[in-house]
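Colleague: no sequence for this one, just the structure:
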């Protein structure tokens, strides 16, 4: 077992001990799953998106997760206000640029957030992260047009990590995480994860949960992404034959049972 | 087996092959179920409701589903903007007039949408569709006051279909679908479907999913409505004795396993 | 068995017979669960939050549930408009002051609602209700800082009930309900209820469902809170070992099977 896997295992214990409060400004499609994923992994969720209260809410939180899945003018403003306050207080921020590249509003909002807020972790699929990197990628909605870019995930993650001075997590068949120097690859997961809405959003919420329990955001990103991959495998083994409704519930079940032993047995994390 | 059932079976294969992107402007009560139903049947969902992005989002989509379940001034505007763009690009539109008849806002919004947007399928219960037809019906919230109108479902469906030049799907104990000339009746379903919120919304999202894979919207409406009825039966057989929470999950499970064989064995579709 | 338990049992039958329509202005995190909980216990939910329609919607409803979980300027206005209309028509109102104490916006909104609307039941945890009582309590997000106040729950419930002339339900390890004179304690429940988001919101929606079937709001509050506690126990017995995803579904299952027999066997309600 490598050092990174060990660090993730420790962090899985830490989050259950500390139960950090995680402020989510997120979309209304998957918000319930995100809250339940945060609770399942041992943290505590709070959802609040009005500009008049996000500064106060983020101030009592240990991490902020910004997800632009169903953004609108009102919530974009709240994201920026909350982000600035989090920066001021050195509270870590995870940004999930859902569907970046799919509309000018999403592109503009992503740029605005990144220009006014220093984020700590960027978590998206290859097309979303590539868009943020300024690479030309066609996007089919919120799903990935991975084709040509697949082999470049490590390069892109590294490049974006350096550009934004943050940790970048690109999720896909193999997940790639970089802090600009190190690159980790995670081979966990199951194809059925793409057949349930919100598995990406939940992954970002998990990363936020771990960020709330450490200052090592690289390990937090790896732990959060690996926890979802492992949960997808466990859920598939127990419910894959039944259908995607049961698989969806199985993901939350697996997250709620996640501990360092289970993590150690399953994690396929490589670092180079 | 009749031709219509055969056409539905083909369409069930088509949607899994084409995985059309379905743009949903919908309510926050059942949006997660709608996204998961769209994924389960083999299409791909995107939820976006800000006026600044709906034109772009609908432009990359294969169908638009408008659901007024928790409408507000902001989203009504977005529905109309998206609808006009869809018309311009000949992208099919499904309208679900949730609770039409229950408030002036819903009535006015429905009228405004219908006056500015040409819809392709109207999917609702008898009281909602009757309201759209201009018939006087008392509505108890979002549920049906079916009493006297039950026997007239075929007449009403036909009448509204001709009035709006669209396909009309009225769901109830027996579902009635008409394109103004043909009338199909579907005898699938289970009473427990009324005990889970969102089964109507999911039905509209399924109809939208099928519309995204064909130009035959009549067959798409029949396939979507029958798929939900059959899934309700299958879910009831597996989970009906357990409770409505498990039944809810069972619906998504059944949708994710839906194929032409299962459809053929179960479908009770008559046309006259 | 005491009289209060008997009255609750009768009410459980009543709600299934009357299927009252329950208007919910609530948060987008747990709204789906609230709607399904209302359906599971035998009532009928309607979610509507636009200022332009809430007066009409509440007018056809048998109870109004106001939940400030993800409040914003737009919905606060709607809550007050709906509340005033409900008062005018003598329709009972349940207020769930989610996170009161955690931000100025929530505090101000709670005060505004209470100053303009006469509520019938206040349902919250100890820190939320204490805030409403004007007691100084530190809040960690939407969760309770119960520590010192625990033994005072009965006093606080009674005090707030008298101050607001309403029924107060404080949920926690032991639940405390008071109408200002009587105080009931409920010892049902399971610790896993805190590991699923929305169990508090669902409890308020259940209380609203019972309020829609009686004029005895004290019994309605006890019945709603006990129904959730008992469902938590039943769900834990069937699914506790599996994980919190299955437990979540098990709660809805148990609510959908709730009847007076099951209630009688389980209820641990004391009154003094």
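Modeller: That came in fine, so what should we check first? Source: prediction; values computed, not measured.
Colleague: Residue A:208: what's it in contact with?
Modeller: Applying Cβ atoms under 8 Å, 6 or more residues apart in numbering or on different chains, we find residue A:208 in contact with A:22, A:24, A:38, A:43, A:63-65, A:92, A:94, A:121, A:224. Using the backbone N, CA and C atoms, a C-beta is placed for each residue, glycine as well.
Colleague: Try it again at 10 Å.
Modeller: Neighbouring residues of residue A:208 by Cβ atoms under 10 Å, 6 or more residues apart in numbering or on different chains: A:20, A:22-24, A:26, A:34, A:37-38, A:43, A:45, A:61-67, A:92-96, A:120-121, A:123, A:220-221, A:224.
Colleague: so of those residues, which ones are in strands?
Modeller: The strands, defined by DSSP state E, take in A:22-24, A:45, A:63-67, A:93-96, A:121, A:123 from the contacts of residue A:208.
Colleague: wait, which of those is closest to residue B:197?
Modeller: Nearest to residue B:197, judged by Cβ to Cβ, of these is residue A:45 at 22.4 Å.
Colleague: I figured that closest one was touching residue A:21, is that so?
Modeller: Yes: the criterion here is Cβ atoms under 10 Å, and residue A:45 meets it with residue A:21 at 7.9 Å.
Colleague: ok, and for the least confident helix or strand in chain A by mean pLDDT, which residues are buried?
Modeller: Within chain A, no helix or strand scores below helix A:126-132, which has a mean of 92 by mean pLDDT, DSSP states H and E. Across helix A:126-132, burial judged by 16 or more other Cβ atoms under 10 Å in any protein chain shown covers A:126-132.
Colleague: can I get those residues in TSV with distance to residue B:259?
Modeller: As requested, the buried residues of helix A:126-132 are exported to TSV (distance: Cβ to Cβ, whole Å):
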residue	distance to residue B:259
A:126	31
A:127	30
A:128	32
A:129	35
A:130	35
A:131	36
A:132	39
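Colleague: helix, strand or coil for the residue positioned nearest the centre of chain A?
Modeller: Centroid-nearest residue in chain A: residue A:204, 1.9 Å away (criterion: Cα atoms, centre = their mean). Three-state assignment for residue A:204 (DSSP: H, G, I helix; E, B strand; the rest coil): helix.
Colleague: what sits against it?
Modeller: Counting by Cβ under 10 Å, 6+ apart, residue A:204 touches A:24, A:26, A:30, A:34, A:37, A:65-67, A:69, A:94-98, A:121-124, A:169, A:171, A:221, A:224-225, A:228.
Colleague: could you redo the last one with a cut-off of 6 Å?
Modeller: Applying Cβ atoms under 6 Å, 6 or more residues apart in numbering or on different chains, we find residue A:204 in contact with A:65, A:94, A:96, A:123.
Colleague: Just to check, the third one is in contact with residue A:122?
Modeller: Looking back up the chat, that one is residue A:96. No: look at residue A:96 against residue A:122 with Cβ atoms under 6 Å: they stay out of range, at 8.1 Å.
Colleague: Quickly find the element holding the residue lying closest to residue A:244 once chain neighbours are set aside.
Modeller: Once flanking residues are discounted, residue A:244 sits nearest to residue B:256: 4.0 Å by Cβ to Cβ, 6 or more residues apart in numbering or on different chains. Per DSSP states H and E: residue B:256 is located in helix B:244-257.
Colleague: quick one: pLDDT of residue A:201?
Modeller: Note for residue A:201: predicted pLDDT of 98.
Colleague: Angles on the backbone of it, please.
Modeller: Main-chain dihedrals, residue A:201, degrees, to the nearest 10: phi -60, psi -40.
Colleague: What distance do you get for it to residue A:192?
Modeller: For residue A:201, the distance to residue A:192 (Cβ to Cβ, to the nearest Å) stands at 16 Å.
Colleague: and stretch A:173-191, is it in reach of chain B?
Modeller: No: residues of stretch A:173-191 are not located near chain B by Cβ under 6 Å from any Cβ of the partner chain, the shortest gap being 12.5 Å.
Colleague: buried residues in that stretch?
Modeller: A:174-180, A:183-186, A:188-190.
Colleague: Quick check: the farthest pair among those?
Modeller: Within the buried residues of stretch A:173-191, A:180 and A:190 form the most distant pair, 29.4 Å apart (Cβ to Cβ).
Colleague: Who are the contact partners of the nearest residue to residue A:51 once chain neighbours are set aside?
Modeller: Excluding its sequence neighbours, the residue lying closest to residue A:51 (Cβ to Cβ, 6+ apart) is residue A:78, at 4.7 Å. By Cβ under 6 Å, 6+ apart, the contact set of residue A:78 is A:25, A:49, A:51, A:54.
Colleague: was I right about the third one contacting residue A:77?
Modeller: Yes: between residue A:51 and residue A:77 there is a contact at 5.3 Å, judged by Cβ under 6 Å.
Colleague: one step back: buried members of the contacts of residue A:208 into PyMOL, please.
Modeller: A single PyMOL command is used to select the members of these judged buried by 16+ other Cβ under 10 Å:
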select buried, chain A and resi 20+22+23+24+26+34+37+38+43+45+61+62+63+64+65+66+67+92+93+94+95+96+120+121+123+220+221+224
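Colleague: Mind checking what secondary structure residue A:169 has?
Modeller: Using three-state DSSP as the criterion, the local structure at residue A:169 reads strand.
Colleague: what bridges to it?
Modeller: Beta-bridge partners recorded for residue A:169 (DSSP bridges): residue A:123, residue A:177.
Colleague: how many other residues sit next to it?
Modeller: Around residue A:169 there are 30 other residues, counting by other Cβ atoms under 10 Å in any protein chain shown.
Colleague: how about residue A:181, secondary structure?
Modeller: Using three-state DSSP, the structure places residue A:181 in coil.
Colleague: Could you report the distance from it to chain C?
Modeller: 35 Å (Cβ to the nearest Cβ, to the nearest Å).
Colleague: and what of residue A:236?
Modeller: Distance check for residue A:236 against chain C: by Cβ to the nearest Cβ, it reads 14 Å.
Colleague: Return the per-residue confidence for that residue.
Modeller: Residue A:236 carries a pLDDT score of 98 in this model.
Colleague: same thing with residue A:142?
Modeller: On pLDDT, residue A:142 comes in at 50.
Colleague: Can you report how many residues neighbour the residue lying closest to residue A:30 once chain neighbours are set aside?
Modeller: Spatial nearest neighbour of residue A:30, chain neighbours left out: residue A:198 (3.1 Å); criterion: Cβ to Cβ, 6+ apart. Number of residues near residue A:198 (other Cβ under 10 Å) recorded here: 25.
Colleague: Would you map the helices across chain A?
Modeller: Counting by DSSP state H, chain A has helices at residues A:3-18, A:31-41, A:54-59, A:73-88, A:104-116, A:126-132, A:153-164, A:199-211, A:217-239, A:244-257, A:260-266.
Colleague: where are the low-confidence patches of the stretch 151-272 of chain A?
Modeller: Flagging of the stretch 151-272 of chain A using pLDDT under 70 yields the residue ranges A:151.
Colleague: what does it have sitting close to chain B?
Modeller: Contacts of the stretch 151-272 of chain A with chain B, taken as Cβ under 6 Å from any Cβ, map to A:195, A:197, A:242-246, A:249.
Colleague: Go again with 8 Å.
Modeller: Contacts of the stretch 151-272 of chain A with chain B, taken as Cβ under 8 Å from any Cβ of the partner chain, map to A:195-198, A:242-246, A:248-249.
Colleague: Would you mind listing the two of those residues that lie farthest apart?
Modeller: The span of these, defined through Cβ to Cβ, is set by A:198 and A:242 at 18.7 Å.
Colleague: Could you tell me how far residue A:211 is located from residue A:7?
Modeller: Distance of residue A:211 to residue A:7, given as Cβ to Cβ: 14 Å.
Colleague: hmm, stretch A:65-74 in reach of chain C?
Modeller: Yes: Stretch A:65-74 reaches chain C (Cβ under 8 Å from any Cβ) through residue A:74.
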